[in-house]
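Engineer: got a sequence here, can you build the structure:
(2 chains)
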Amino acid sequence: MASPASTSEKPKLAVWKFASCDGCQLSLLDCEDELLAVADAVEIAYFPEATRAEVEGPYDLSLVEGSITTPHDAERIHKIRRESKYLVAIGACATAGGIQALRNFKNVNEFVALVYAHPEYIETLKVSTPISYHVFVDFELQGCPINKYQLLELISALLNDRRPNIPPHSVCVECKRRGTVCVMVANGTPCLGPVTHAGCGAICPAYQRGCYGCYGPKEAPNTAALADEFLRLGQDHAAIARFFRTFTANAEAFRKESVAHEHEV
Amino acid sequence: MSTKSNGTHSKTIKVNYLARVEGEGALYVKVRDDAVEEVKLKIFEPPRFFESFLRGRDFTEAPDITARICGICPIAYQMGASHAMEDACGVTVNGGIRDLRHLIYCGEWLESHALHVFMLHAPDFLGYQGAVEMAQDHPDIVKRGLELKKVGNEVMALLGGREVHPINPRVGGFYRAPTRRELDGLAERLAWGRDAALETLQFTATLDFPDFEQDYEFVALRHPDEYAILDGRLVSNRGLDVPLDEFLDHIYEEHVEHSTSLHAAMKARGPYMVGPMARYNLNFEQLTPLSQEAAHDVGLGPTCLNPYKSIMVRTVEMIHACDVALDLIDRYERPDPSYIEVTPRAGVGYGCTEAPRGICWHRYSIDDNGIILDARIIPPTSQNQKVMEQDLWHFVEKFMDLPEDDLQWKCEQGIRNYDPCISCSCHFLDLHLDRA
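Structural biologist: Below is the predicted model of the structure:
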């Protein structure tokens, strides 16, 4: 379908998908109370999960979900960057390569050994990489999935040319604020909260489990100190490697820590 | 998107990026000399290889990891994986914990069905590009839909900790069970939801449906005592009736060039359909009396063979989900402990639940330490691919003379009838490296 030019004066919002589960873009549709207001304030110019309508670029704000895993997608992201005033990576896939970045750690030979019915039909890259690996990104909103209220704050901030108010501290701060008793101190439950970026609202400890790091590393995390504590709590190196190597395995701080423990196994 | 005519007898319908579906797909139909020559539902979503990287993970991690296959139906993956691990370790979860699983699943059905009925499917019937456009002329309908979706999400958020990728479900049950008082707040919302779903059914009954009944093999879970969501045997209207561990004896999966999602079919009979239509046609008598009565009142009998009417069937299932959830809350007693301790042992386990889009089947082998050796997941949308293509084929054959834009739109709608979750469907291919 030919994309008509914009007829609206409103800022144009586009939502793009790469390798992902759709959960982060769903967060926008999950803003049940705010969605129609958002649609009032911006022109939803490209958002195929929600509408057949397409308006051609340039776009004022592009939200990009998913990681780059195919040669075609590695090209496509450049075109999107060229068409976007602001480009924001949303979610663990777009900011760290996502769970599918677990492939980055596998021995190449192991993969080649896996026989595929018709490998010639499939095009894929060796590694899953975040958007920032390919193009300049104006902001990264971490989380698997992202927090929908942070997404609204981000949209509102960027469309008003101000810096989004997304605190970079750890999940621990959110636990304190919520009044949750520390699960690691009180129960000896391993918890990634001290090294994990805030934003989820410290849900896991409130449900009596340790944080599993789905928001990725916070600013300057001391992962080695936390890993030592996990050892004291009785976790072995293989388990510690898995802790740091799940939803944001490719994020630098977590990657290094998991590799360090893998070598101890 | 385009529909091209080459002379009077040939045309090509092409949609390069299907909208209002979850994930990346396209469709292609070729007609020559007034006969359909080729139909392809192309799925180009990049595969993410979950089955490969589940190997070597701890069995307790499977619910959290597989949830990431799909942001729209994470509970389906968490429940299927949990059940399979419990099966492998010889544990059965019943009573209050099972009730909580049933309840959170009702929340997911409500959230997912409301999203589809109002935001992805209804705009097709009323001629809008999307729900936001539709809201300008029908604000009350769209607002009701958003509110219904929100009720489902509130169930997910309370029981699961959050709407997308809940953190509370685990192998053996839940990390924390909600209190009676916490659930009371939900009951009021679900009672509103049930009324809203009833009104919605009246609305969907006023829509125009093409005359298009098809002959399907339906496959769904069947449970002796309830409209199956969590467990049961796999049954069909053509004689399938097997436990979960025999499913693979009856189906095959094939890798076709135009899809990164494997196509499934019955070995003996070919394509089959899973999802709301399959459940409805196979298990109608087990819907709550109110849901059956509501269906009856709008002229929807126990059999529905028109896939375009799946919007009504989903709405009946929303009524059912609210009804069941209210009953579960009504007789809720907080389980203590909130989970059963599951000790790993070497073995193979199976789990299958009714995701909003149909059966989602899991099989894992684990070792004595609970490390996953092998994983296999068959998600609903990959099973529906062949039926979707078959529908397109028959639809274009029958309605070839529709104006071209209209025909193309109806074809897209024909895919959306299945609420395909493409992201789900294609994460199960083993990896082939691009060695270039």
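
Engineer: can we go C-alpha only for contacts and neighbour counts from here?
Structural biologist: Fine.

Engineer: distance of B:Ala62 relative to chain A?
Structural biologist: Per Cα to the nearest Cα, to the nearest Å, B:Ala62 is found 11 Å from chain A.

Engineer: that residue: which element?
Structural biologist: Using DSSP states H and E, B:Ala62 sits in helix B:62-67.

Engineer: next helix or strand past that helix?
Structural biologist: Sequence order places helix B:74-88 as the next helix or strand after helix B:62-67, per DSSP H and E.

Engineer: for chain A, what's the nearest residue on chain B?
Structural biologist: B:Gly71 (3.7 Å; Cα to the nearest Cα).

Engineer: my read: that residue touches A:Gly23, true?
Structural biologist: Yes - using Cα atoms under 8 Å, B:Gly71 is in contact with A:Gly23, at 3.7 Å.

Engineer: which parts of the stretch 51-200 of chain B are helices?
Structural biologist: For the stretch 51-200 of chain B, the helices defined by DSSP state H, counting those that start in this stretch cover B:62-67, B:74-88, B:95-114, B:122-126, B:131-137, B:139-160, B:180-205.

Engineer: for A:Ile44, which of those is the nearest?
Structural biologist: helix B:131-137 (8.8 Å; Cα to Cα).

Engineer: now that closest one: buried residues?
Structural biologist: B:131-135 (16 or more other Cα atoms under 10 Å in any protein chain shown).

Engineer: restrict these to contacts with chain A.
Structural biologist: Filtering the buried residues of helix B:131-137 for proximity to chain A by Cα under 8 Å from any Cα of the partner chain leaves B:131-132.

Engineer: how about CSV for the buried residues of helix B:131-137, with distance to B:Glu226 and pLDDT added?
Structural biologist: Output for the buried residues of helix B:131-137, formatted as CSV (distance: Cα to Cα, whole Å; pLDDT from 0 to 100):
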residue, distance to B:Glu226, pLDDT
B:Ala131, 34, 94
B:Val132, 37, 93
B:Glu133, 39, 93
B:Met134, 36, 96
B:Ala135, 37, 95
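
Engineer: sheet-wise, list the partners of the host helix or strand of A:Leu61 with their directions.
Structural biologist: Using DSSP H and E, A:Leu61 maps to strand A:59-65. The strands beside strand A:59-65 in its sheet (DSSP bridges) come out as strand A:12-17 (parallel), strand A:84-90 (parallel).

Engineer: as TSV, those with mean neighbour count and mean pLDDT would be great.
Structural biologist: Shown next, in TSV, are the strands paired with strand A:59-65 (neighbours: other Cα atoms under 10 Å in any protein chain shown; pLDDT from 0 to 100):
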stretch	mean neighbour count	mean pLDDT
strand A:12-17	23	97
strand A:84-90	23	97
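
Engineer: distance to B:His250 for the ones you listed - can I get that in CSV?
Structural biologist: Listed next are those as CSV, based on distance: least, Cα to Cα, whole Å:
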stretch, distance to B:His250
strand A:12-17, 35
strand A:84-90, 41
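
Engineer: not counting its neighbours along the chain, what's nearest B:Val29?
Structural biologist: Nearest residue to B:Val29, sequence neighbours excluded (Cα to Cα, 6 or more residues apart in numbering or on different chains): B:Val39, at 4.5 Å.

Engineer: same for the helix or strand containing that neighbour, what does it pack against?
Structural biologist: Using DSSP H and E, B:Val39 sits in strand B:35-43. Under the contact criterion of 3 or more Cα pairs under 8 Å, 6 or more residues apart in numbering or on different chains; DSSP states H and E, strand B:35-43 touches strand B:25-32, helix B:380-399.

Engineer: and it, which residues are buried?
Structural biologist: Under 16+ other Cα under 10 Å, the buried positions of strand B:35-43 are B:35-36, B:39-43.

Engineer: between the residues you listed, which is nearest B:Ile311?
Structural biologist: Of the buried residues of strand B:35-43, the one sitting nearest to B:Ile311 (Cα to Cα) turns out to be B:Leu41, at 20.9 Å.

Engineer: with adjacent residues omitted, what lies nearest to that closest one?
Structural biologist: Nearest non-adjacent residue to B:Leu41 (Cα to Cα, 6+ apart): B:Leu27, at 4.6 Å.

Engineer: tell me which residues touch the one you found, please.
Structural biologist: B:13-18, B:39-42, B:412 (Cα atoms under 8 Å, 6 or more residues apart in numbering or on different chains).

Engineer: can you do 7 Å?
Structural biologist: Residues near B:Leu27 by Cα atoms under 7 Å, 6 or more residues apart in numbering or on different chains: B:14-16, B:40-42.

Engineer: leaving out the residues flanking it, which one is nearest to residue 209?
Structural biologist: Here I'm looking at chain A. The shortest distance from A:Arg209 to any non-neighbouring residue, by Cα to Cα, 6+ apart, is to B:Tyr175 (6.5 Å).

Engineer: nope, chain B please
Structural biologist: Using Cα to Cα, 6+ apart, the nearest residue to B:Phe209 is B:Tyr308, at 6.3 Å.

Engineer: looking at this, that neighbour is in a strand?
Structural biologist: No - counting by DSSP: H, G, I helix; E, B strand; the rest coil, B:Tyr308 falls outside a strand, being helix.

Engineer: burial count for it?
Structural biologist: 24 (other Cα atoms under 10 Å in any protein chain shown).

Engineer: is it in contact with B:Tyr418, as I believe?
Structural biologist: No - shown here, B:Tyr308 and B:Tyr418 do not form a contact pair, counting by Cα atoms under 7 Å, at 9.0 Å.
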